[in-house]
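Colleague: Predicted model and sequence follow; I will ask about them next.
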Amino acid sequence: MRGVIAVLFGLLTLSRPGITLGVLVLFFGAYALVDGIFTVISAVANRKGQPHWVALLIGGLCGIAVGLLTFAYPFKTAIILLYFIAFWAILTGAAEIAAAIRLRRVISGEWLLALGGILSVVFGCFLIASPGVGALAVAMWIGIYAIVLGVFWLILSFRLRRWDKDHEQLRPA
């Protein structure tokens, strides 16, 4: 679900590159909040016997916090929005890298989660390094970032689903 939401968010952002900053704030706030909620639900639902659930929980809580902060300050400057997005991307990226490191012993293909985490961290660092970039360019980068990350999540979800089916017989009855 996270992958689908990320791709939809990215496509919506790219389809309206001239979007006003106020609407971008609301779109981003909604995306971060919904993504955070789904990540927390996923972490809690899969906590039993899964060592990576705490990293996902932290990433989800960060997403919820950033979404709420974005809604609390909708008319602040683009620089503040960029810093919210940058720190959110860095924190969730770090959580995804940590989860991928723990998953490497359990499944193959965890590199997709790690690559998505690295992409998030690099994107966040880029925004911090270049906060003066125009809102239109940033909106397009956010859209591209969300689509690429969403595709990584979708590929990972299908690999995890296949792994789950392959190891179904190992589950206790």
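Modeller: Perfect, thanks for sending it. Just so you know, these numbers come straight off a predicted model, no measurement behind them. Numbers count the residues shown, from 1 in each chain.
Colleague: Could you use CA atoms for every contact and neighbour count after this?
Modeller: Noted.
Colleague: Over to residue 33. Which of the three states is it?
Modeller: Assigned with DSSP: H, G, I helix; E, B strand; the rest coil, residue 33 falls in the helix class.
Colleague: start at 37 instead
Modeller: Understood, numbering begins at 37; the last thing we discussed is residue 69.
Colleague: Need the pLDDT of it.
Modeller: Residue 69 is assigned 94 on the pLDDT scale.
Colleague: Tell me who's in contact with it.
Modeller: Applying C-alpha atoms under 8 Å, 6 or more residues apart in numbering, we find residue 69 in contact with 99, 100, 101, 102, 103, 104.
Colleague: again, 10 Å this time
Modeller: Neighbour list for residue 69: 63, 75, 96-107 [criterion: C-alpha atoms under 10 Å, 6 or more residues apart in numbering].
Colleague: Quick check: which helices or strands does the longest helix along the chain pack against?
Modeller: As assigned by DSSP state H, the longest helix anywhere in the chain is helix 171-202. Using 3 or more C-alpha pairs under 10 Å, 6 or more residues apart in numbering; DSSP states H and E, the elements in contact with helix 171-202 are helix 38-51, helix 57-81, helix 114-139, helix 147-165.
Colleague: what inclination does it have with respect to helix 38-51?
Modeller: Here helix 171-202 runs at an angle of 160 degrees relative to helix 38-51 (axes from the mean of the first three to the mean of the last three C-alpha atoms, to 10 degrees).
Colleague: average model confidence for helix 171-202?
Modeller: Averaged over helix 171-202, pLDDT sits at 83.
Colleague: Tell me which of the helices and strands packed on helix 171-202 sits most buried.
Modeller: With neighbours taken as mean count of other C-alpha atoms under 10 Å, those reach their highest mean count in helix 114-139, at a mean of 21.
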